[in-house]
Each structure stands twice: as C-alpha cells, then as structure tokens.
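Asker: Provide a 3D model corresponding to the input given below.
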Amino acid sequence: MPDLLAGLEPTSPDPAPTGPLADRLRPAALDEVVGQEHLTGPDGAIGRMVAAGKLSSIILWGPPGTGKTTIARLLADAVGLRFAQISAVFSGVADLKRVFAEAHDHARIGQKTLMFVDEIHRFNRAQQDGFLPFVEDGTVTLVGATTENPSFELNAALLSRAQVLILHRLDAAALGTLLDRAEAIEERALALTPEARAALVASADGDGRFLLNQAETLFSIALDELLDPQALSELLQRRVAVYDKDREGHYNLISALHKSLRGSDPQAALYYLARMLTAGEEPLYVLRRIVRFASEDIGLADPNALVQCLAAKDAYEFLGSPEGELAIAQACLYCATAPKSNAAYSAQKAAWKSAKTTGSLMPPQNILNAPTRLMKDIGYGKGYAYDHDTAEGYSGGDYWPAEMTPETFYTPTDRGMERRIAERMAWWAQLKERGDRS
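Answerer: Just a heads-up that it's a prediction; the model follows:
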C-alpha cells in the first residue's frame, strides 16, 4: 500500500536498524515532539527558554507516554548542557551524591549539567530536600518528571525553585502522526482498515509509547489481509486505564462523579461511575460517596434518595460483584435524576457553628423533664404545652434558651418534597403569629 506512505520520511536521521520502535522514532529535535506544542512551540514556556538559551529548573507533569524523557534530553542538547539521568525508582542517596559530585566536577571546567530525575515523586521528602543546595548554587539544572500531581507529591521548597509544566495526553491527531512515522521508518503500512486504525489509536488512551509498542507487534506479524476492529481487538490487548486508587486520578474521577450528580446529568454520572469501577475502584467506596451525596445535595427534596442508596448497599453486599454493581448504578441514576437541595447540609453547618458559639446555655425550664420532686419544685416542666392537645397539633411554644435569640438554620427550597415542607412551616408560622396556642 505505497500510497499511504507518500511524503513520509523518518523523523530521526539514520535510525538504528534494530531496537524498539519507540526508541527508533525518538525525536531528534524539540519541534518533532508531537502533542506538546503548547510547551515546545515558539510561544510555549520551553520554546521561550530555548530561544533565550537559558533553562530554569522545571517539573514535567503528565501522563505516561507523552514525551517527558524525550523533552528533557532534547532540552539539554538545545541549550548545551551535559545530560545526566537517574530514576527515583532505582536510585538512592548514594546515587544522588555521585551525580551531584560529577556535576560539580564538570562545573569546574565550565560544563553545566541538566539532571533529569524520572518519577521524581518517588523520592521521599528528605531526599527531595537534598536537591535544594545543588539547584540553588547552579551545580545542576533540575528537570523532574512525574505522573502525579506535584502539589501533592513534591516538597513546597522544591516546587518554589522549579516551574511546573503540564504535558497533555496525546490526542488522536498526535497519535496518528506517530503511526505515520512508524509506517515511514518501517517502509510499509499497517495492515489495518481505517476503522481498525482508529480503534488502535483509541486503545492507546493518549499514551504514545503504548501505541508504538502495539504497532511494533503488528509489524512483526505476517498478515494476509487487513484487520478490522474485531480482529484487531482479538489480537492485541487494550491499554488499562490510568488510575491509582490513592492518587490524583482517584480524586479527579470521584469529584467528576459528584459534580455530575449535582448537575443532574445521569449520563455523565454513569460514565464516571463506570470509569471508576472498571478501573478497579472499591465499589463500596463509590457507594459511600453516593450515600453522602444523597444527604448533602438532595436531602429532604427527595428523602427516598438516601433509602435507595442504603438499599443499594444491602443489595451489593448480598450479591457482590459484578451483579451487585447494578444496584450501585441504580442508586447513581436515582440521585442524578432526583430534585436537588443542599438546605439540610447548609442547616447542619449553621447549627453546628451556633452550637459551638453558644456553649452550655440551658433550655427553657418548661421543656425539661422533672423525674424528681426537687426538680418539679424548682419549676422543671411547669407550663409545658402538649402539642397533641391543641386542635392543630401545634402549640407554637418557645424552645430556645432564654439568653439566645431564635435562629433560622433550615430554609427549605421549592423543589421536590421540600415544597410541601416549606408550606407546612409557613402554616406553623401563621399559627404562631395568632398568639399563644397553649
């Protein structure tokens, strides 16, 4: 299929004939890096640094397979720095001392060092502090790479001395460019239908390295005809979604789920629920968050939401996975489509604040129990109006401490069941205005 290769040339000069495809396609210049033009372009942070010929310490934050290592290596070449690389996964204090000592020796002869630290978040706080004096005195220019949120994983002192640059997951266009380059260097097209090619790109989930590894597998197999999407899926494994249950991906998705529920979007809410459960999240954790949502964002607008969520818990514990996950999906959809109110949530916060402020004020004596004669003699329970003895079942009594002005914590909305609650409260207020109902 030579027509697919027209105009395509390998991006790296004289690529090695052997070695992994991803390495043979590693860009030779920053303008060959795909998908990160917001950083490497003329107006990007990296583009401006290179144009000025001066590089500051930076942290490259982005998903796997987006070019962090490649960019670091090319930066060293672009500004004329010696390149030294270590991985926080395999390195310890002794390795750091060695790299710093070598950088110091080279600095004495006028050769500055770019120190690239892969997975920098894996170093503990004390080890991260060890970078500070060498960054400050210019012994090294630090370029760290991380897949985790730097604000969670890196010391504030280290972050204050480095600029955080965010790499994007590769979109379909960038991944398509990588496949074009792979076909050019292999001098043949992938044996895929257009639909299968699109499916291959989608399966990479934004990871260029994974895509090229999959392409290399396809190049290594003798195929008599083009693969369609079904045949491709049977031949290759789909990339597992990036999701660490104790890190940022976890918090991002649970936040997206909660806000989709609050925004009454059942389709998006179900999508994020599926993202979490298919990635291996603990189902009861997700359900606990939905239970919380039922009280915080629905409340008395639909009291049955909480009942539905607790019923889903019972169903899941009874059935287990995967059958019980249907009950969680039902609770999710119920909450997404229920009327919303945070009146109970706001009332709770206001009441808790008032309780802490007012301290130990005594309730009025007329609503206190008097189990002993002494308590009766000093007035406990005297004058209490029993609401059921009134015609309307409402006495209009005063239940607040004498030293405290009555406050309003709960104001129902006009949505769902709260509309009826608001009407009932307004009726009670009218009765109270008529005078003492006791």
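Asker: Need the residue in this structure that's farthest from the chain's center.
Answerer: Going by Cα atoms, centre = their mean, the residue of the chain most distant from its centre is Asp377, 62.7 Å out.
Asker: Quick check on that residue: phi, psi?
Answerer: The phi and psi values for Asp377, taken as degrees, to the nearest 10, are phi -60, psi -30.
Asker: tell me the domain ranges of the chain?
Answerer: For the chain, automatic domain parsing gives the domain ranges 36-166, 172-235, 248-337, 355-433.
Asker: Pick out the residue nearest the middle of the chain.
Answerer: The chain has Asn252 as the residue nearest its centroid, 1.8 Å off, counting by Cα atoms, centre = their mean.
Asker: That one falls within a strand, correct?
Answerer: No. With DSSP: H, G, I helix; E, B strand; the rest coil as the criterion, Asn252 is assigned helix and is not in a strand.
Asker: what about it, distance to Tyr272?
Answerer: Going from Asn252 to Tyr272 by Cβ to Cβ, to the nearest Å gives 9 Å. Every C-beta, even on glycine, is put in place using the N, C-alpha and C of the backbone.
Asker: Can you show me the strands along the chain?
Answerer: With DSSP state E as the criterion, the chain has strands at 58-61, 82-87, 113-118, 140-146, 163-166.
Asker: what packs against the fourth one?
Answerer: When you say that, I think you mean strand 140-146. strand 58-61, helix 68-79, helix 93-108, strand 113-118, helix 132-136 (3 or more Cβ pairs under 8 Å, 6 or more residues apart in numbering; DSSP states H and E).
Asker: hmm, who's touching the worst-scoring helix or strand of the chain on mean pLDDT?
Answerer: Within the chain, no helix or strand scores below helix 373-377, which has a mean of 82 by mean pLDDT, DSSP states H and E. For helix 373-377, the surrounding residues in contact (Cβ atoms under 8 Å, 6 or more residues apart in numbering) are Leu368, Asn369, Ala370, Gly381, Lys382.
Asker: per-residue pLDDT, the nearest residue to the third one once chain neighbours are set aside?
Answerer: The shortest distance from Ala370 to any residue that is not its chain neighbour, by Cβ to Cβ, 6 or more residues apart in numbering, is 3.8 Å, and that residue is Tyr380. Tyr380 is assigned 87 on the pLDDT scale.
Asker: And Val99, by the same measure?
Answerer: 89.
Asker: wait, doesn't it sit right on Ile86?
Answerer: Yes. Val99 lies in contact with Ile86 (Cβ atoms under 8 Å); the separation is 5.9 Å.
Asker: Mutual contacts of those two, please.
Answerer: By Cβ under 8 Å, 6+ apart, Val99 and Ile86 have these common neighbours: Met115.
Asker: List the contacts of the residue nearest to Ala370.
Answerer: The contact partners of Tyr380, taken as Cβ under 8 Å, 6+ apart, are Gln365, Leu368, Asn369, Ala370.
Asker: Out of those residues, which comes closest to Trp61?
Answerer: The closest of the contacts of Tyr380 to Trp61 turns out to be Leu368 (Cβ to Cβ; 60.5 Å).
Asker: Quick check: nearest residue in space to the closest one, chain neighbours excluded?
Answerer: Beyond its immediate neighbours in the sequence, the residue positioned closest to Leu368 (Cβ to Cβ, 6+ apart) is Tyr380, lying 4.5 Å away.
Asker: right, and the helices and strands packed on strand 140-146 - which one's nearest Leu431?
Answerer: Among those, the nearest to Leu431 by Cβ to Cβ is strand 58-61 (61.4 Å).
Asker: where along the stretch 151-300 of the chain do the helices fall?
Answerer: For the stretch 151-300 of the chain, applying DSSP state H, counting those that start in this stretch gives helices covering 156-159, 172-186, 194-203, 208-219, 229-235, 248-262, 266-278, 283-293.
Asker: most neighbours per residue, which of the ones you listed?
Answerer: Per-residue neighbour counts averaged over each of the helices of the stretch 151-300 of the chain give the maximum for helix 208-219, namely a mean of 21 (mean count of other Cβ atoms under 10 Å).
Asker: next one: it to chain centre, how far?
Answerer: 27 Å (Cα atoms, centre = their mean, to the nearest Å).
Asker: what's the angle from that helix to helix 68-79?
Answerer: 110 degrees (axes from the mean of the first three to the mean of the last three Cα atoms, to 10 degrees).
Asker: Just the C-alpha atoms of helix 208-219, please, in PDB.
Answerer: Presented in PDB, the C-alpha positions along helix 208-219 are these (Å, rounded to 0.1, in the frame of the first residue of the first chain):
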ATOM      1  CA  GLY A 208       2.300   7.300  22.600                       C
ATOM      2  CA  ARG A 209       4.800   4.700  23.800                       C
ATOM      3  CA  PHE A 210       2.000   2.100  24.200                       C
ATOM      4  CA  LEU A 211       0.700   2.900  20.700                       C
ATOM      5  CA  LEU A 212       4.100   2.400  19.200                       C
ATOM      6  CA  ASN A 213       4.600  -0.900  21.100                       C
ATOM      7  CA  GLN A 214       1.200  -2.100  19.700                       C
ATOM      8  CA  ALA A 215       2.200  -1.000  16.200                       C
ATOM      9  CA  GLU A 216       5.500  -2.900  16.600                       C
ATOM     10  CA  THR A 217       3.600  -6.000  17.400                       C
ATOM     11  CA  LEU A 218       1.500  -5.700  14.300                       C
ATOM     12  CA  PHE A 219       4.600  -5.100  12.100                       C
END
